[in-house]
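A.B. asks: A structural model of the following input is requested.
(2 chains, ligands or ions: 2)
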Number of protein chains: 2
Amino acid sequence: MVNDTLTINTKHLLYALYASGVKHFVVSPGSRTTPIALMLAEYERQNSEIVVYIDVDERSAGFFALGIAKTRQEPVVVLGTSGTAITEYMPAVAEAKVSHIPLIVLSTDRPAELQNNGAPQTLPQHRLFGELTPYFVSFTLQDEHEDNTAYIDYMTQKLVHSAMDTGQPLQINLPLRKPLMPKLHDSHDVSITPLTFEKTHIHILPIVIKQTHVVILAGPNEAADYKDELLQFSRDHQVPVIADILSRARTTDTIFGVDSLIKAHYLTDEYRPDLVIRFGGTPVSARVLQWLQRENIPVWHVDGHAGNDHSRHVTRAFQMTPTAFLTQLALTNDMTFYQRWQQLNDIPRHAVGEASVSCMLNRILPENTAVFVANSMAIRDMDDVFSGRTTQKIYANRGVNGIDGVVSTALGMSTVSSQRSILLTGDLTLFHDMNGLMMAKKYQLNIDIIVINNNGGSIFSFLPQSQADEYFEDMFGTPLDLDMSKVAYLYDMPYIQLKGAAALGECLSHQVHGPRLIEINFDRQENVANHRELLELNQHE
Amino acid sequence: MVNDTLTINTKHLLYALYASGVKHFVVSPGSRTTPIALMLAEYERQNSEIVVYIDVDERSAGFFALGIAKTRQEPVVVLGTSGTAITEYMPAVAEAKVSHIPLIVLSTDRPAELQNNGAPQTLPQHRLFGELTPYFVSFTLQDEHEDNTAYIDYMTQKLVHSAMDTGQPLQINLPLRKPLMPKLHDSHDVSITPLTFEKTHIHILPIVIKQTHVVILAGPNEAADYKDELLQFSRDHQVPVIADILSRARTTDTIFGVDSLIKAHYLTDEYRPDLVIRFGGTPVSARVLQWLQRENIPVWHVDGHAGNDHSRHVTRAFQMTPTAFLTQLALTNDMTFYQRWQQLNDIPRHAVGEASVSCMLNRILPENTAVFVANSMAIRDMDDVFSGRTTQKIYANRGVNGIDGVVSTALGMSTVSSQRSILLTGDLTLFHDMNGLMMAKKYQLNIDIIVINNNGGSIFSFLPQSQADEYFEDMFGTPLDLDMSKVAYLYDMPYIQLKGAAALGECLSHQVHGPRLIEINFDRQENVANHRELLELNQHE
Ligand SMILES: Cc1ncc(C[n+]2csc(CCOP(=O)(O)OP(=O)(O)O)c2C)c(N)n1
Ligand SMILES: Cc1ncc(C[n+]2csc(CCOP(=O)(O)OP(=O)(O)O)c2C)c(N)n1
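C.D. replies: Ligands and ions are numbered 1, 2, ... in the order given. As a prediction, this is how the structure comes out:
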């Protein structure tokens, strides 16, 4: 018993997704997905651009898709079965929403007649993610009418376009009635009318800046890679660039580790800009925004989402790409000012404790290595000491800064790179998405997972609650005593325990294939002391 | 720097929760939780009824809380930090919504001024779960006004009551501004005015039934334990009771495995009831509802949520408890009819393959053992062959039938029982919530986890998509090659691999403490054959 209408409409849906730029699908098993999953498997055989991954844990699947989407800057689909399976995507959808990634949830659903009346495995899936997915549509693939089919073609393209244009996740809900079997090897030729979306090109007047002590602060930037334009502009106009670790533009020509520089009082009056132009998202360094505010330095924000500024200190918001902005910009900066800033990179960055890992990566990573960095201390340490000497491909989940889904997002990222990738993570973060490792094993993904294992959350030791000794360890430190060698063993991954960051070079230089787990141990108490020590070492006299 | 208003209001919130019946809290670490987590830790020391669990993975934490709530029939709180952490609760919230459990999400949040303007780790948490949490409130614990404090006292009690009364999850959102440190050892005496909620007792007229071939179908029933009243009624009025595996009322006096009986054509005309009274939720057996519909047997539904019936075959819905209903019921059933039905239990149930595990558990479980049963084939097999000889404490997540969170829900359940508990699960389901095992290790929970390992999802082999050989194994079978001995090793749990169900008796008879992982291997292909064979074996001539 197969279903013709369902077969044809499913084809239309898949072809329309492809016509809109979707090539990657991450599928989780479940009976309601049957028609889509089977037709997709068939489509994968027919179209060499289509890539399908299978991930049993939908939470991990959501993040895996996110990882591909954020590195390819492409819409990626997750497909899951009705019920809690769909709710499992919510963490990845949240991260996608806030970090502007067009993640597409294809949620198969029970048909209308099974809603709200005690049918098993049935949820109100309609707009399940609420505000998190501004774009939503429900298709009835079993409704046989040419208007319906044309609607699927059109609406899929329109919504995927909107999702990409605004960087927002999209839910496509698919209520499906049994029988669910599609007709495989169906000979029907399906053709899609491709829809193109064009925008008015607004002519921007030249932006003339009279200030001569201008600094660019390049914040996190998931979308366009504007490094070359930025560096060219910086050199041509002598504008120093403070580059966030996630700016995709941090090189040895830009300033790194501004957080530490401010903390160690390096940014004295002679460094004070009279205008800062901020590109991209909220910087990893909270201190740099505080500094701009405290020093009352005027800030312009240039970004597709400009004005998104919780420091409430931006005075002009340019909602455009940095590249468009830079081409219109006329300014003549002060040469001494520029040179003074450029010399900041010569200040030696002493890194002890956990930060030594980031330091060592800075020294030894092969060019263009893609690195995924976990939240908590890892991203802060990288922002502090990683100079961008060899690679600008640094990624993280900095929308909602979750410690969840990090393994899967990194693995998704690793599929995009032809080179071996790196994940740098804390132990709790690794634990949170340990299930994600299944994909590393199954697809033998090329990644070195470096775990900074301090047996718990070290970030909390820097916060006021660390004073509440009676309860601190239980409620915040939360040591798990996770044996990393056993984790690696479970997933058949080579396991290497290093005595310290120094050994990383040797370890990463080996030619290997597939995933590896590399553990470096640290002590949480010592880490706090180390960071204090570091501050003193680096202190500006 | 501590915060007095925050301290006092947090106390009020916690005391009001306790006054409403909340005793169990499952906390996940995160900085925004600081005031609540610390005051709660202090409260736990002061009040011996308060129990706090710490679970790093919020998804597992949500299900762990659900497990406690469903077995204690009490509201249970999960406490988490702002951002994706809160989205992680969605799967458990969905299950709670559909299976009517008062799960309470305390979601700490960033303050208003950090919303919607690029602040990190910030989501629109207001009504984040949409329709899934009909009850919602946002408290500003740092607002110093007596009206605010009185509102916290009152509203907490009112909403927890509503959540319990209607069996719905509740979100309490807590926007918090830094500084977040509460004053520990604060001497302020906080007292709460307890609020009691009373209902009109409606006098129900006696319900007189003229039919004499009445059968009761006791469906899944998470709430009231009405077994004794039901059995008494059944005996007194000669009404046979078909008891769902999750009815909490299946004993040797009730009929079990009706699904197989229908499938094997045992329910011939002489068994046809002229009225069926359905209690509780949607039965595990889909076939029994189809049978009622096909045979056009009138059905009354009695349940707090009566009328929730996707077979659309219920003719009268009584929205009341079965106990209230039974006390009003006058009927005289036919004795021969009753006896005929009662003899159905004498039919031998041959169980081969995976069902042999359920069969064996039926034989050997100590009285009153609490058993959590995973979805997919495990619950179906149990429904088929477990007679309820020794225990009625059978639980499952049958709201949305997820394969997620099962380990954690079972572990939450196990904390409630003074006896050693059992989890019966498939391998994919175990994998999905493997992280849940961390709680078993940390708290050394008393549970035997029995994994029916057929290396993938065996349920799909019974569905039409199993015909699509080219794609089936990849898309639906999804073997993970998970080595269970390594899983046990990772969590320092004793691991036992049994050659078959027969060895279970010996294995479970040992006096042990803490969790164990018991694996029994099956072959998915054979399992399908076995089930067919079974059907033939059991076939009514
Ligand atoms: C899903 C989620 N839960 C909780 C948090 C709060 N949180 C932030 S950092 C952290 C500890 C992370 O520990 P680890 O990964 O070991 O890194 P470390 O702090 O040691 O650098 C936690 C629990 C979060 N960001 N996301
Ligand atoms: C969260 C979630 N994802 C997917 C499904 C669909 N699903 C139902 S049963 C099943 C397979 C379960 O396999 P296993 O636990 O090994 O049990 P078996 O089928 O072998 O009895 C799947 C994927 C679901 N119910 N819930």
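A.B. asks: how about the helices in the stretch 351-500 of chain A?
C.D. replies: Assigned by DSSP state H, counting those that start in this stretch, the stretch 351-500 of chain A shows helices spanning A:355-364, A:377-385, A:406-416, A:427-432, A:437-442, A:469-472, A:484-490.
A.B. asks: and A:G405, how many residues sit next to it?
C.D. replies: For A:G405, the count of nearby residues is 28 (other CB atoms under 10 Å in any protein chain shown). (C-beta placed from N, C-alpha, C; glycine too.)
A.B. asks: ok, now A:A264?
C.D. replies: If you count neighbours by other CB under 10 Å, A:A264 ends up with 18.
A.B. asks: And the one 4 residues further on, by the same measure?
C.D. replies: Other residues lying near A:T268 total 9 when counted by other CB under 10 Å.
A.B. asks: ok, it to A:I520 distance?
C.D. replies: 36 Å (CB to CB, to the nearest Å).
A.B. asks: swap in A:N527?
C.D. replies: A:N527 is 12 Å from A:I520, by CB to CB.
A.B. asks: Could you pull up the residues touching A:G83?
C.D. replies: By CB atoms under 8 Å, 6 or more residues apart in numbering or on different chains, A:G83 lies in contact with A:121-123, B:94, B:400-402.
A.B. asks: and the two most separated of those residues?
C.D. replies: A:T122 and B:G402 (11.8 Å; CB to CB).
A.B. asks: if you count what's nearby, which of these two comes out ahead?
C.D. replies: Applying other CB under 10 Å to A:T122 and B:G402 shows that B:G402 carries more neighbours, namely 29 against 23.
A.B. asks: residues near whatever residue of the stretch 1-150 of chain A ends up closest to ligand 1, how many?
C.D. replies: The stretch 1-150 of chain A approaches ligand 1 most closely through A:P91 (7.0 Å), counting by CB to the nearest ligand atom. Under the neighbour criterion other CB under 10 Å, A:P91 is assigned a count of 30.
A.B. asks: hang on, isn't it packed against B:T87?
C.D. replies: Yes - counting by CB atoms under 8 Å, A:P91 touches B:T87, with 4.6 Å between them.
A.B. asks: same for the helix or strand harbouring the residue of the stretch 1-150 of chain A closest to ligand 1, what does it pack against?
C.D. replies: Under the criterion of DSSP states H and E, A:P91 resides in helix A:90-99. Where contact means 3 or more CB pairs under 8 Å, 6 or more residues apart in numbering or on different chains; DSSP states H and E, helix A:90-99 is packed against helix A:58-72, strand A:103-109, helix B:84-87.
A.B. asks: Whether the first one contacts ligand 1 - can you check?
C.D. replies: No - for helix A:58-72 and ligand 1, the contact criterion (CB under 6 Å from any ligand atom) is not met; the two come no nearer than 10.6 Å.
A.B. asks: got the angle for that helix vs helix B:58-72?
C.D. replies: Going by axes from the mean of the first three to the mean of the last three CA atoms, to 10 degrees, helix A:58-72 is angled at 160 degrees with respect to helix B:58-72.
A.B. asks: and helix A:58-72, what does it pack onto?
C.D. replies: For helix A:58-72, the packing partners by 3+ CB pairs under 8 Å, 6+ apart are strand A:24-27, strand A:76-80, helix A:90-99, strand A:103-109, strand A:394-395, helix A:406-416, helix A:437-442.
A.B. asks: hang on, the earlier thing: do you know which of the helices and strands packed on helix A:90-99 lies nearest ligand 2?
C.D. replies: Going by CB to the nearest ligand atom, the one of the helices and strands packed on helix A:90-99 nearest ligand 2 is helix A:58-72, 5.7 Å.
A.B. asks: show me the contacts for A:A529.
C.D. replies: Residues counted as contacts of A:A529 (CB under 8 Å, 6+ apart) are A:G353.
A.B. asks: Now do the strand or helix carrying it, average pLDDT.
C.D. replies: For A:A529, the host element (DSSP H and E) is helix A:524-538. When pLDDT is averaged over helix A:524-538, the result is 83.
A.B. asks: buried residues in that helix?
C.D. replies: The neighbour-count criterion (16 or more other CB atoms under 10 Å in any protein chain shown) identifies A:524, A:527, A:530-531, A:534, A:538 as the buried residues of helix A:524-538.
A.B. asks: Get me the contact residues on the stretch 201-350 of chain A for chain B.
C.D. replies: Residues of the stretch 201-350 of chain A lying near chain B by CB under 8 Å from any CB of the partner chain: A:281-282, A:305, A:307-310, A:312.
A.B. asks: Nearest to ligand 1: which residue in chain A?
C.D. replies: A:G426 (2.3 Å).
A.B. asks: Could you report the neighbour count for A:V258?
C.D. replies: A count of neighbours around A:V258, defined by other CB under 10 Å, yields 24.
A.B. asks: Please apply the same query to A:L361.
C.D. replies: 25.
A.B. asks: mind checking how far it is from A:V385?
C.D. replies: From A:L361 to A:V385 the distance is 9 Å (CB to CB).
A.B. asks: Need the single longest helix in chain A, by residues.
C.D. replies: In chain A, ranked by residue count with DSSP state H as the criterion, the top helix is helix A:146-166.
A.B. asks: Looking at the contacts of A:G83, which is nearest ligand 2?
C.D. replies: For those, the residue nearest ligand 2 by CB to the nearest ligand atom is B:G402; the value is 4.1 Å.
A.B. asks: measure the closest residue to that closest one other than its chain neighbours to B:D346 for me?
C.D. replies: Leaving aside its chain neighbours, B:G402 sits nearest to A:T84 (3.3 Å; criterion: CB to CB, 6 or more residues apart in numbering or on different chains). Distance, A:T84 to B:D346, using CB to CB: 39 Å.
A.B. asks: now do A:K486
C.D. replies: From A:K486 to B:D346 the distance is 50 Å (CB to CB).
A.B. asks: now A:V51
C.D. replies: Relative to B:D346, and taking CB to CB, A:V51 is found at 57 Å.
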